[in-house]
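**Student:** give me a 3D structure for the following:
(one chain, ligands or ions: 1)
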Amino acid sequence: MDVSRRTLIVGGTSAIVGAGVGAGVGAGVTGLVSTERTGPVLWQRGDRSGAPRVGGLHLQYGADASTEVVVSWHTASAVCNPRILFGTPDDGLGQSAAAETVSYRDAASNTEVLVHHARLAHLAPDTDYVYAAVHDGASPELGTARTAPRGRSALRFTSFGDQSTPTLDALVASAFGSDNRGSPAAGDVTTAVERARPLFNLVNGDLCYANLSSDRIRTWSDWFENSSRSARHRPWMPAAGNHENELGNGPIGYGAYQAYFALPDSGSDPELRGLWYGFTAGSVRVISLSNDDICYQDGGNSYVRGYSGGAQKRWLEVELERTRRNGDIDWIVVCMHQTAVSTGNRTNGADLGIREDWLPLFDRFGVDLIVCGHEHHYERSHPIRGVLPTDTLTPATVDTHPTQIDTSKGTVHLVIGGGGTSIPSNKMFFPQPRCRVLTSVGGVDPATGQRIPNYIEEPAAWSAFRDPVNPYGFVAFDVDPGKPGGMTTMAATYYAVHGPFGEVTPVDRFTLTRPRRGG
Ligand SMILES: [Fe+2]
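**Tutor:** Numbers count the residues shown, from 1 in each chain. Modelled structure (predicted):
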């Protein structure tokens, strides 16, 4: 019998499909059963019921990171019985928690994405857990989670922003070019962060640039496929950046971001859910802000300055006052996107809105550390408190020691925006530290559809360290609670990231100190 190899493969596939995989998978395989193909045919086996796979598995902390973790994943179609099986490594997956499903419909593609969030509460502090995320018919995806210690304990966290998605771009062929601002470094940074094994990672906004992409859904999916390698083991806690603002998605453009992440409840109106929040890990209170609310720059798909009507600022004041009154908290760390300080030239610059609305509160309540992005490089300020007598509210430097900083005297700002984009700005620093402050916007530029920014340039005496060499990297922070009556410290290292194996080079090391409170 003269039967070609191709016929055998096609016939075999058809037989398997017909034998009982089911209509859902059979329909998908039909396209593969083609006499046009010349090579071996890959038979894509669906889950047994044709259920969608568990995609983009990731974690978030609840408001109390020592007892609450949310496990999240997304699908492109409805699923039954989404749930988490979990337990400790010794006891196995003996417990379960049902997931709540939320959805958004992307206005650009009219595609609905369903996101499943399972909240694990009443966990034991400082404890490892194992879990499986699953819905009916799907193969489970596995992950691990560690709760934060309760009270004053050592812990490590990391931070960077402006990641985008791993992309080879035109190196492959012009036909495979990307419009989502990605680079291979976006994958390398994930690998490097995972090697550092932090308790959690802060993502300082502009996660994937879906709002610039012709395919928003794919861009979000690509970002989660990349970040899930780390974020299924440790929460990547985000701040919303201007590129999370997507025209038509949700009441003010953050509908995708708000669906993908289940973040601690700040008591905001439901339509503003998750845009600002706080959580506690050990003696650290992390506060995540949404700076599009107060920035002058028109940087998203729509201009939303003032969207909360002052609600975010009112919340921040109460949050900071309550946190500084709490004797169990030593450190206040703010994660946000746009910056109050930058020595980049021809970049976004610093935004006067942050200096007007946030910095007086940071001063009043003694915020220790700001991590932000928006500028695609690394730089660090001296501790700053108060302002010089300028129209731009230039931050006043309170100390200039290069590496030992008492943050009870002033707040240190870090710009950590080298998360992986194809447009780094480490070659765009002013030769001597100067700052372009975006002070207002004018009429709409017909070329961009965005309001034209107005800048004032000024000296930047607050500038402590800049990295003009390395485009990509992240910062690791090691909190040492210290002894009663003494100082607590936070040792920080900015690591440049090189290559696909997450190789790192320490570039900037410094130590934050402050008197330990309470016992
Ligand atoms: Fe940005």
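**Student:** pull out the buried positions in stretch 258-275.
**Tutor:** The neighbour-count criterion (16 or more other Cβ atoms under 10 Å) identifies 258-264, 266, 268, 272-275 as the buried residues of stretch 258-275. (Glycine included, C-beta is placed from N, CA and C.)
**Student:** local confidence estimate at the residue sitting nearest the centre point of the chain?
**Tutor:** For the chain, the residue sitting closest to the mean C-alpha position, by Cα atoms, centre = their mean, is Val203 at 2.9 Å. Val203 is assigned 99 on the pLDDT scale.
**Student:** which ones are touching it?
**Tutor:** Contacts for Val203 were tallied using Cβ atoms under 8 Å, 6 or more residues apart in numbering; they are 159-161, 163, 236-239, 335, 419.
**Student:** re earlier: of the buried residues of stretch 258-275, which belong to helices?
**Tutor:** 258-260 (DSSP state H).
**Student:** using TSV, lay out these together with distance to Arg146 and pLDDT.
**Tutor:** Shown next, in TSV, are these (distance: Cβ to Cβ, whole Å; pLDDT from 0 to 100):
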residue	distance to Arg146	pLDDT
Gln258	26	98
Ala259	26	98
Tyr260	22	98
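**Student:** so which of these also contact the ion?
**Tutor:** Subset of those in contact with the ion: empty, counting by Cβ under 5 Å from the ion.
**Student:** does Asn235 touch Val193 like I think?
**Tutor:** Residue 235: Pro, not Asn. No - taking contacts as Cβ atoms under 8 Å, Pro235 lies outside contact range of Val193: 11.9 Å.
**Student:** okay, and the common contacts of those two?
**Tutor:** Common neighbours of Pro235 and Val193 (Cβ under 8 Å, 6+ apart) are Asn201.
**Student:** please enumerate the helices of the stretch 201-350 of the chain.
**Tutor:** Applying DSSP state H, counting those that start in this stretch to the stretch 201-350 of the chain gives helices spanning 216-231, 255-260, 311-325.
**Student:** could you pull up the contacting residues of the residue in the stretch 401-519 of the chain positioned nearest to the ion?
**Tutor:** Scanning the stretch 401-519 of the chain for proximity to the ion using Cβ to the ion identifies Gly417 as nearest, at 7.7 Å. Gly417 makes contact with 160-162, 204, 206, 372-378, 425, according to Cβ under 8 Å, 6+ apart.
**Student:** related to what we said a few turns ago, which one of Pro235 and Val193 has more residues nearby?
**Tutor:** The neighbour comparison of Pro235 against Val193 (other Cβ atoms under 10 Å) goes to Pro235, with 31 against 28.
**Student:** residues in contact with that one?
**Tutor:** Contacts of Pro235 by Cβ under 8 Å, 6+ apart are 58-61, 65, 69, 200-201.
**Student:** so which of those residues wins on neighbours?
**Tutor:** Ala65 (28 neighbours).
**Student:** follow-up on the earlier one: of all the contacts of Val203, which comes closest to Ile456?
**Tutor:** Distance to Ile456 across those (Cβ to Cβ) is lowest for Gly161, with 24.6 Å.
**Student:** hmm, back to that, out of the helices of the stretch 201-350 of the chain, the one nearest Arg150 is which?
**Tutor:** Of all these, helix 311-325 comes closest under Cβ to Cβ, at 16.2 Å.
**Student:** for the closest one, which helices and strands make contact with it?
**Tutor:** For helix 311-325, the contact count by 3 or more Cβ pairs under 8 Å, 6 or more residues apart in numbering; DSSP states H and E identifies strand 284-288, strand 331-335, helix 359-364 as packing neighbours.
**Student:** for the ion, what are the nearby residues on the stretch 201-350 of the chain?
**Tutor:** Counting by Cβ under 5 Å from the ion, the stretch 201-350 of the chain sits next to the ion at 206, 241-242.
**Student:** one more: the chain?
**Tutor:** 206, 241-242, 374.
**Student:** pipe the residues you listed into a markdown table and attach pLDDT and neighbour count per row.
**Tutor:** Formatted as a markdown table, those follow (pLDDT from 0 to 100; neighbours: other Cβ atoms under 10 Å):
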| residue | pLDDT | neighbour count |
| --- | --- | --- |
| Asp206 | 98 | 28 |
| Gly241 | 98 | 30 |
| Asn242 | 98 | 24 |
| His374 | 98 | 30 |
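**Student:** quick one on the thing from earlier: need the residues of the stretch 201-350 of the chain next to the ion in CSV with distance to Glu319, can you?
**Tutor:** Below are these laid out as CSV (distance: Cβ to Cβ, whole Å):
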residue, distance to Glu319
Asp206, 24
Gly241, 20
Asn242, 23
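**Student:** give me the below-cutoff pLDDT ranges for the stretch 51-200 of the chain.
**Tutor:** Where the stretch 51-200 of the chain drops to pLDDT under 70, the residues are 168-179.
**Student:** three-state assignment of the residue in it that the ion sits nearest to?
**Tutor:** Of all residues in the stretch 51-200 of the chain, Asp162 sits closest to the ion, at 6.4 Å by Cβ to the ion. At Asp162 the chain is in coil, as set by DSSP: H, G, I helix; E, B strand; the rest coil.
**Student:** tally of neighbours for it?
**Tutor:** Neighbours of Asp162 (other Cβ under 10 Å): 33.
**Student:** swap in the one 5 residues further on?
**Tutor:** Here the count is done by other Cβ under 10 Å, and Thr167 has 25 residues near it.
**Student:** correct me if wrong: it contacts Pro184.
**Tutor:** Yes - counting by Cβ under 8 Å, Thr167 touches Pro184, with 7.1 Å between them.
**Student:** all strands of the stretch 151-300 of the chain, in order?
**Tutor:** 155-160, 200-203, 236-238, 277-281, 284-288 (DSSP state E, counting those that start in this stretch).
**Student:** and for Asn211, nearest residue in space, chain neighbours not counted?
**Tutor:** Sequence neighbours aside, Glu246 is the residue nearest to Asn211 in space, at 4.5 Å (criterion: Cβ to Cβ, 6 or more residues apart in numbering).
**Student:** look up how far Arg273 lies from the nearest residue to Tyr277 once chain neighbours are set aside.
**Tutor:** Closest residue to Tyr277 apart from its sequence neighbours, by Cβ to Cβ, 6+ apart: Pro264 at 4.3 Å. Pro264 sits 10 Å away from Arg273, taking Cβ to Cβ, to the nearest Å as the criterion.
**Student:** what's the answer for Ala186, then?
**Tutor:** Ala186 is 27 Å from Arg273, by Cβ to Cβ.
**Student:** domain assignment for the chain?
**Tutor:** Each domain of the chain is listed here as a residue range: 1-46, 155-263+338-515, per automatic domain parsing.
**Student:** about what we covered before: pick the most deeply packed of the helices of the stretch 201-350 of the chain.
**Tutor:** Comparing the helices of the stretch 201-350 of the chain by mean neighbour count (mean count of other Cβ atoms under 10 Å), helix 255-260 ranks first with a mean of 26.
**Student:** tally of neighbours for Thr448?
**Tutor:** Neighbours around Thr448, by other Cβ under 10 Å: 9.
**Student:** quick check on it: phi, psi?
**Tutor:** phi -110, psi -20 (degrees, to the nearest 10).
**Student:** quick check: Thr67 touching Ala121?
**Tutor:** Yes - between Thr67 and Ala121 there is a contact under Cβ under 8 Å: 6.6 Å.
**Student:** who has more neighbours, these two?
**Tutor:** Taking other Cβ under 10 Å, Thr67 and Ala121 do not tie; Thr67 has more neighbours (18 against 11).
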